[in-house]
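Enquirer: return atomic coordinates for the entry below.
(2 chains)
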Amino acid sequence: MTEAILISILVTVVGAATPILLAGLGELVVEKSGVLNLGVEGMMLVGAVTGFAVTTMTGVTFVGIVAAACAAAGASMIFGYLTLTLTANQVATGLALTIFGIGLSSLMGAGFVGQTVERIGPLFPPALAEHEHLRILFGYDPVVYFSFAMTLVVAWFLRRTRAGLILRAVGENDVSAHSIGYSVISVRYMAVAFGGAMAGIGGCYYSLVLTPMWAERLTAGRGWIALALVVFSAWRPMRLLAGAYLFGVVMTLELHAKAAGFEYVPPEFLAAMPYLATIVVLALISLRKSVGSQAPACLGQPFKPST
Amino acid sequence: MSDGVTSRLELTGITKSFPGVLANDDVSFSVAPGTIHALLGENGAGKSTLVKMIYGIMHPDAGEIRFDGKPVQVANPKAARAMGVGMVFQHFSLFEAMTVLENIALGLDEAVSYSELESRIRAVLEQYHLHLDPHRTVATLSVGERQRIEIVRALLLTPQLLIMDEPTSVLTPQEVAQLFDTLRALAKRGCSILYISHKLHEIVELCDKATILRGGKVVAECDPKKESSRSMAEMMIGGSLKEIEKAEGRSFGAERFVVADLSLPADDEFGTTLRNITFSVRAGEIFGVAGVAGNGQNELLLALSGERPVPFSDAVKIDGTPVGMLGADARRRHGLCAVPEERNGHGAVPGFSLIDNAILTARNRKNMVNWGVINSRLAERYTDEVIHTFAVKTTGASSPAGSLSGGNLQKFIMGREIMQAPEVLVVSQPTWGVDAGAAAAIHQEIVDLAARGSAVVVISQDLDELLAISDTLAVMNEGVLSRSLKVGEASVDEIGLLMGGVHGDPEATREYAGAAHVA
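Expert: Residues are numbered from 1 along each chain as shown, chains lettered A, B, ... in the order given. Predicted coordinates:
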C-alpha cells in the first residue's frame, strides 16, 4: 500500500519536473553561450498556448509540440534580434519578452479557454506502463523520455563536440573567440533559438499533459524556477537534472499533503514553497564564493565586433 | 633560403582609416623568408592595425598584400592561417576556464580528436624544448605559460610567417631568453617572424631588420644590429629622448610609509594570499616591487591603497599613524594616493569626464566639496592644470576618460594623483602599454615627486623601469616579498631568480643560474 503511494508520488514528481528540466536545459545552453535570456516564462507561455491551439485544431499532439517549439523559438528570435544584432540590454529585453509572452498568450488563447485535449499516453505498452512496479520506469509519456535524452545530449554536446567547445568559448571570452575567427553572433543566435524551442516544449507540457487545458498564465512562474535551476546546477546538465527533480518534489508537496490529509500547514503555504525554495537556493549558492567562477565569464554582456 | 628571390610578405601602399584617424598611411615594406623583422613605433603609430590587416581581422582601404609573391585578399583569420600566417596576440585570446588542450583545439580550423591533438602538441613542445601541461586549466597558469599556449597554437599550423605582438611585456628575463631561443630556432627553419615590441634592447638582440612607423607612416628602415636602443627610440618619436634626471647621492628622510607583517588571505580561488609583507619607505625614496604578474601584486596594491583594509591597524602606517583598518578614502585623507594597474574601470571611470574623474580622488585633498556640494570651477581648474602639466593629449577637460588613448589616460591619472602632493604614492605598472616618450615623462614625474620628499612605491613587471627609477627593490613571489635590495648592488640575474625563474621549468632556471655564475 505505502509502496504504491510512494510510486505514484514519484511519478507525479517526474511529471512536475519535466517542463522546468526542458526549459532549464535550453536556458543552460543559452547562458553557456554568454547570453542571459530572462524571457523563459514568456516563451513557455507562447509554447503552451501554441501547442494547445495547434493540437486542438489538428488533433495531433506531436504537431502541437513541434508548433510550440517553433513558436517559442520565433519569440526568442525577437529577443535575439534586439540583444544580439542591436546589442540592447539583455536583462531588460528578457523581462520585456516575458511580459510580451504573457500578453500574447492570453490573446491567442482567449478562444481556447475551457476546451480540453486528449492527454498524451505513455510511450510503452500498458503491460509495462501500468505495471505495479515497473511503471516507475516505463509509465511516462514520450516528452519525459525526450527530456532525459536531451539532458544526455546537451551534456555530451557541451563536453565532447567541437561545436559545444566553440559555444563554451563564445560564452567564456567573446572577444577572443571573435579574434580567432568564430562568429560570436551567429553562435549566440543558434543558442537562443535552441533555448526558445526547449522553453516552448516545456511550456506546452503544461497545456497538453499536466493540466491538460489552456488558462491564462498557465505556467505560473515556473519559467523563473527554470532560470534559478540553471544557476543552481552551476551550468552542468546532470546537476540540472537532479535539481529539476528536487524542485519537482517541492512543487508537488501541496498535492501530496492534500492526498495524505495533512492539515497542519495551510495549503497556500505549501503552494508557495517552490518559489520560497528558489529564493533560498539562490541565496545559499551566492554565499558560496566560487559560484562566480562557474558562470560563463561573458554572461549577459553585449558583444560588438570591431571591423 | 632557396626561395630567397621573393619576399615572404610584401606590403604596398597599405592605407586604413577610422573615423577621424588615419591609422595606416601608404605603408610599404617587405619581410624576407627566415628573418626576424621588427615593427617599431609608439602607441597609436598603427602597428596593431597593420598586423590585424595581415591576419585578416581588419581589411585595408587601399593597397596590396603579397604573400610569397602572390597578391592576396585576407578575408578573415581563417584565411590567414590557411595561407600560413600565425599570430600571437598582445592580449592573449585564451579561455580561462578551459584546459590548454581545449584552448589549442579552438585555434585550429579542422576538427582533430583530443588524443591526436595531444600527441601533436607534445611533438611541438619536444621540438622546441618547451614545457606545458595540456590538461591544466588556463586560469592556473602563469603569464609565460599562457603565452606558450598561443605560441604552440600558432606552431601547430607550421606557419610561414609568425606575427608576435609585444610578446615579452609580461615575461621574466629567463622566460624572455627562452622565447628568443624558440624564435631563433623557428627562423632557422625558414619561418619569417614579424616582431612588435616597445623594448628596443630586445630588438637589437633579436631582430635582423626593423621597420619604424610613426603616425601611421613608415619613417625609417634600419638594421637593429647597427643601431642603438637610443637611436631607434629617437626615430620612433621623431625627436631626442630625455634622460631621467635623478640627483646623485640623495639622502633620505625619516620612514614615512611602514608596512609590517601584513598578511591577507586571497579573496577568491584565483587570487594570491599575501604573507608577512614587511618593508618601509623613507621620505624621498622610491621603493620598487618587482615580480611576474599574478604573484600578489594586485592584492598588495589593494591592501596598500585601502581598497581591501587589513584586520590590523598597525600593519600599515603613514608617518607613524596606523591606517591598516581604514578604507581608501580615509587613507587618502592621511596622504596616501594610489594608481592601480587597470586604467579603464579601476583607475578611471571611462564614461565620466576627466573633471568628474578628477573629483573622484582629489575632492578632499583639493577641497573641491563644501557641505556636500561640488565646486565645479575648482574641479575644472584642477583638471586643466593636470592636463597642462602632464601634457595630456585630449580635446578638453570635459571629454570622457574612455576617449583618451591608454598612454594619455595613464598620464592623466598619474598627474591627478601626483598633483595632490601625496605624502605616499603607490603606483602599479605606471608605464604599462605607454610609449617611450610618455613613459620617460611619467618616470621623471615620479622621481621629482620623491625628490620633493614623498615616499613612493612602484609595483612593476618591467625590471628595466624599476632599475631606472627606484632606490630600493624587493621581489614579490607567490605572495611573499623578498628582502629589500639596494638598486645598483643587485644584478638582473639575481632579481630574475628571485622572481621564480622560468615557470614550471626548474631545469632551465638552474641552467640559467649556472650560466650567470660562469659569466
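
Enquirer: for residue 212, give me its contacts.
Expert: I went with chain A, as the question did not name one. Applying CB atoms under 8 Å, 6 or more residues apart in numbering or on different chains, one finds that residue A:212 lies in contact with A:52, A:116, A:117, A:118, A:119. C-betas here are computed from N, CA, C, even on glycine.

Enquirer: you answered for a different chain; I wanted chain B.
Expert: The contact partners of residue B:212, taken as CB under 8 Å, 6+ apart, are B:40, B:41, B:218, B:219, B:220, B:221, B:222, B:232, B:235, B:236.

Enquirer: hang on, isn't the third one packed against residue B:27?
Expert: It stands for residue B:218. Yes: Residue B:218 is within contact range of residue B:27, at 5.6 Å (criterion: CB atoms under 8 Å).

Enquirer: neighbour-wise, which of the two wins?
Expert: Higher neighbour count among residue B:218 and residue B:27: residue B:27, with 24 against 21, using other CB atoms under 10 Å in any protein chain shown.

Enquirer: name the element residue B:211 belongs to?
Expert: In this assignment (DSSP states H and E), residue B:211 forms part of strand B:209-214.

Enquirer: and what of residue B:177?
Expert: Under DSSP H and E, the secondary-structure element containing residue B:177 is helix B:173-188.

Enquirer: for residue B:118, which non-adjacent residue is closest in space?
Expert: Counting by CB to CB, 6 or more residues apart in numbering or on different chains, residue B:118 lies nearest to residue B:134, which is 5.4 Å off, once chain neighbours are set aside.

Enquirer: in stretch A:207-217, which residues are buried?
Expert: Buried residues in stretch A:207-217, counting neighbours by 16 or more other CB atoms under 10 Å in any protein chain shown, are found at A:207, A:208, A:209, A:210, A:211, A:212, A:213, A:214, A:215.

Enquirer: mind checking the end-to-end distance for that stretch?
Expert: Counting by CA to CA, to the nearest Å, you get 11 Å between the two ends of stretch A:207-217.

Enquirer: and that stretch, what's its mean pLDDT?
Expert: When the per-residue pLDDT values of stretch A:207-217 are averaged, the result is 91.

Enquirer: buried subset of the contacts of residue B:212, written for ChimeraX?
Expert: Per 16+ other CB under 10 Å, the buried members of the contacts of residue B:212 correspond to this ChimeraX selection:
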select /B:40,41,218,220,222,232,235,236
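
Enquirer: let's have the contacts of residue B:212 in TSV, adding pLDDT.
Expert: Formatted as TSV, those follow (pLDDT from 0 to 100):
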residue	pLDDT
B:40	86
B:41	82
B:218	91
B:219	90
B:220	89
B:221	91
B:222	91
B:232	82
B:235	83
B:236	80
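
Enquirer: out of the contacts of residue B:212, which comes closest to chain A?
Expert: The shortest approach to chain A among those belongs to residue B:41, at 20.0 Å (CB to the nearest CB).

Enquirer: which residues touch the nearest residue to the closest one once chain neighbours are set aside?
Expert: With CB to CB, 6+ apart as the measure, residue B:213 is the residue that lies nearest to residue B:41, at 3.7 Å, once sequence neighbours are left out. Shown in contact with residue B:213 (CB under 8 Å, 6+ apart): B:27, B:39, B:40, B:41, B:45, B:46, B:47, B:50, B:219.

Enquirer: wait, the fourth one sits on residue B:214?
Expert: When you say that, I think you mean residue B:41. Yes: with contact taken as CB under 8 Å, residue B:41 and residue B:214 are classed as touching, separated by 6.1 Å.

Enquirer: what touches both of the two?
Expert: Both residue B:41 and residue B:214 are in contact with residue B:236, where contact means CB under 8 Å, 6+ apart.

Enquirer: just the contacts of residue B:213: which are in helices?
Expert: Under the assignment DSSP state H, those contribute B:47, B:50 to helices.

Enquirer: could the contacts of residue B:213 be laid out in a markdown table, adding distance to residue A:282?
Expert: Rendered in a markdown table, the data for those read as follows (distance: CB to CB, whole Å):
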| residue | distance to residue A:282 |
| --- | --- |
| B:27 | 54 |
| B:39 | 51 |
| B:40 | 53 |
| B:41 | 51 |
| B:45 | 50 |
| B:46 | 49 |
| B:47 | 47 |
| B:50 | 49 |
| B:219 | 59 |
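
Enquirer: so how far is the first residue of stretch B:46-66 from its last?
Expert: Stretch B:46-66 has its terminal residues 19 Å apart, counting by CA to CA.

Enquirer: and what of stretch B:414-424?
Expert: Between the opening and closing residues of stretch B:414-424 lies a distance of 13 Å (CA to CA).

Enquirer: now swap in stretch B:331-342 and tell me
Expert: Chord length of stretch B:331-342, first to last residue, is 20 Å (CA to CA).

Enquirer: what residues of that stretch count as buried?
Expert: By neighbour count, with 16+ other CB under 10 Å as the criterion, the buried positions of stretch B:331-342 are B:331, B:332, B:334, B:335, B:336, B:337, B:338, B:339, B:340, B:341.

Enquirer: flag every residue of the stretch 101-250 of chain B that's near chain A.
Expert: For the stretch 101-250 of chain B, the residues in contact with chain A (CB under 8 Å from any CB of the partner chain) are B:102, B:105, B:106, B:107, B:109, B:111, B:139.

Enquirer: quick one, which of those residues are buried?
Expert: Burial of these was assessed by neighbour count (16+ other CB under 10 Å); the buried members are B:102, B:105, B:106, B:107.

Enquirer: let me have the residues you listed in a markdown table, extended by secondary structure and pLDDT.
Expert: Conversion of those to a markdown table gives the following (DSSP: H, G, I helix; E, B strand; the rest coil; pLDDT from 0 to 100):
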| residue | secondary structure | pLDDT |
| --- | --- | --- |
| B:102 | helix | 92 |
| B:105 | helix | 90 |
| B:106 | helix | 88 |
| B:107 | helix | 81 |
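
Enquirer: need these in a markdown table with distance to residue B:153, can you?
Expert: Compiled in a markdown table, those are given as follows (distance: CB to CB, whole Å):
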| residue | distance to residue B:153 |
| --- | --- |
| B:102 | 11 |
| B:105 | 9 |
| B:106 | 8 |
| B:107 | 4 |
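
Enquirer: partner strands of the strand holding residue B:211, with direction?
Expert: The partner list of strand B:209-214 in its sheet, established with DSSP bridges, is strand B:36-40 (parallel), strand B:217-222 (antiparallel).

Enquirer: if we can go back for a sec, which members of the buried residues of stretch A:207-217 are the farthest-apart pair?
Expert: The most widely separated members of the buried residues of stretch A:207-217 are A:209 and A:215, with 14.5 Å between them, by CB to CB.

Enquirer: returning to that earlier point: wait, which of the contacts of residue B:213 is closest to residue A:189?
Expert: Comparing those against residue A:189 with CB to CB picks out residue B:50 as the nearest, at 32.2 Å.

Enquirer: if I pick the closest residue to chain B within the stretch 101-250 of chain A, what's in contact with it?
Expert: Minimum separation of the stretch 101-250 of chain A from chain B (CB to the nearest CB) falls at residue A:176, amounting to 3.4 Å. Neighbour list for residue A:176: A:169, B:92, B:93, B:94, B:95 [criterion: CB under 8 Å, 6+ apart].

Enquirer: what distance do you get for it to residue B:121?
Expert: In this view, residue A:176 and residue B:121 are 19 Å apart by CB to CB, to the nearest Å.
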